[in-house]
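Visitor: the sequence and its predicted three-dimensional model are supplied below.
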Amino acid sequence: MAAVTVLGAGAWGTAFGQVLADAGNQVTMWAIEPEIVDAINTLHQNPVRLPVVKRLPDSMHATLDRGEAVKNAEIIIVTIAAQFARQALEEFRDLIPDQAIVVSLMKGIERSTDKRMDQVVMETLHLPASRFACLSGPNLSKEVALRQPAAAVVASQDHDTAVKVATVATSKYFKIFSSTDVIGVEMCGSLKNVVALAVGMSRGAGFGENTAAMIETRGLAELTQLGVAAGAQAQTFAGLAGVGDLVATCGSPLSRNYTFGSNLGKGMSVDQATKVSNGVAEGVPTTAAVVALGEKYGVPTPLASAMLRVLNEGIDCGEMLEDLFGDDIIDE
Ligand SMILES: NC(=O)C1=CN([C@@H]2O[C@H](COP(=O)(O)OP(=O)(O)OC[C@H]3O[C@@H](n4cnc5c(N)ncnc54)[C@H](O)[C@@H]3O)[C@@H](O)[C@H]2O)C=CC1
Ligand SMILES: O=C(CO)COP(=O)(O)O
């Protein structure tokens, strides 16, 4: 049993807090929303972000106080919307205990810097790589919250750190594998959201399985090439964080990214799709960062570039799909 603190009581933070509690840990949730902290402590629920759970485990409690939240934590989990991670973590820099391991569950790239969350977390908290891990995989929060069997991969440069996190967070229904490919796991989780936007859009526009499979396969090739150029191992993209999460996210209306894309495909504007989104659709701000990273590493990103035109210029699904392929015949 460990003392674990989760920063951010959104849908995934709350569902993962329950995983940790079910694994036998004492779980402290920190959130900026007083109504969520109050509901977790008094009703044992998070009706704002995770209404599907009617009673959270008794070993979960919440606080608004940053110092109290982390003071005894052995493991600190970060599940804050990626674009706000830096500003939120700055407030924790001097509070994190010296030996604590910090684990990112976030799936996004910071728009203003094009940095992955491992980079943002370590540089903001002044954390050595040996005390950082990221966890990713096909983990739609509602299904995990209902305790349906699922798995994820946790990566750290320090194998012992990955194994420690996996040991602490493994429960009867949540299996965790270990890896040392931090860049690969980060790139998988962030980039698949852009693919999910495009697949959702094609579904919303009324296209079927062939179109979805085409986008997913070409998307996987694009994110693998970009990931490898950034220093990732190709095999990671065939694992849970890569293909696994691509299949889950691109195939489910429970995904905010898929749903955001689907609403665009049905004819909504970006503003309208943002208004009706039930939580953060990380692929939206991440798309521009993926295009920028492609330019930086000299890797073509036709899918992300086409989605950027959707987001910035409002092109429709037909034009987006045309943009995916040039006129040349290219080797697969
Ligand atoms: N929902 C899911 O199925 C999964 C989500 N993720 C990732 O986990 C991360 C969080 O996702 P969700 O919890 O589902 O999103 P959500 O939209 O339900 O919650 C976002 C969280 O970010 C917090 N936040 C936003 N701005 C903040 C600020 N300035 N300071 C402090 N906290 C702030 C909110 O309070 C909220 O707790 C995302 O990067 C997402 O891609 C990963 C796996 C599964
Ligand atoms: O990452 C996820 C599932 O693994 C959740 O996807 P969304 O953020 O699109 O809801």
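Guide: Everything's here; your move. Ligands and ions are numbered 1, 2, ... in the order given.
Visitor: so which bits of the helix or strand of the chain with the lowest mean pLDDT are buried?
Guide: Every helix and strand of the chain was ranked by mean pLDDT, DSSP states H and E. The lowest is helix 317-324, at a mean of 93. Buried residues in helix 317-324, counted by 16 or more other Cβ atoms under 10 Å: Cys317, Met320, Leu321, Asp323, Leu324. For glycine as for every other residue, the C-beta is placed from the backbone atoms N, C-alpha and C.
Visitor: distance of the residue nearest to the second one when sequence neighbours are not counted from Gly189?
Guide: Nearest residue to Met320 in three dimensions, chain neighbours excluded: Ala306, at 4.6 Å (Cβ to Cβ, 6 or more residues apart in numbering). Remark: distance between Ala306 and Gly189 (Cβ to Cβ, to the nearest Å) = 21 Å.
Visitor: the more surrounded of those two?
Guide: Comparing Ala306 with Gly189 by other Cβ atoms under 10 Å, the one with more neighbours is Gly189, at 31 against 24.
Visitor: surely that one meets Asp245?
Guide: Yes - contact between Gly189 and Asp245 holds when scored by Cβ atoms under 8 Å: they sit 6.5 Å apart.
Visitor: joint contacts of the two?
Guide: Ser136 (Cβ atoms under 8 Å, 6 or more residues apart in numbering).
Visitor: what's around Val121, how many residues?
Guide: Counted with other Cβ under 10 Å, the neighbours of Val121 add up to 23.
Visitor: which SSE is it in?
Guide: Using DSSP states H and E, Val121 sits within helix 117-125.
Visitor: I'd like to know which elements the next helix or strand after that helix is packed against.
Guide: Sequence-wise, the next helix or strand downstream of helix 117-125 (DSSP H and E) is strand 132-136. Contact here means 3 or more Cβ pairs under 8 Å, 6 or more residues apart in numbering; DSSP states H and E; on that basis strand 132-136 packs against strand 101-104, helix 117-125, strand 150-155, helix 159-169, helix 182-204.
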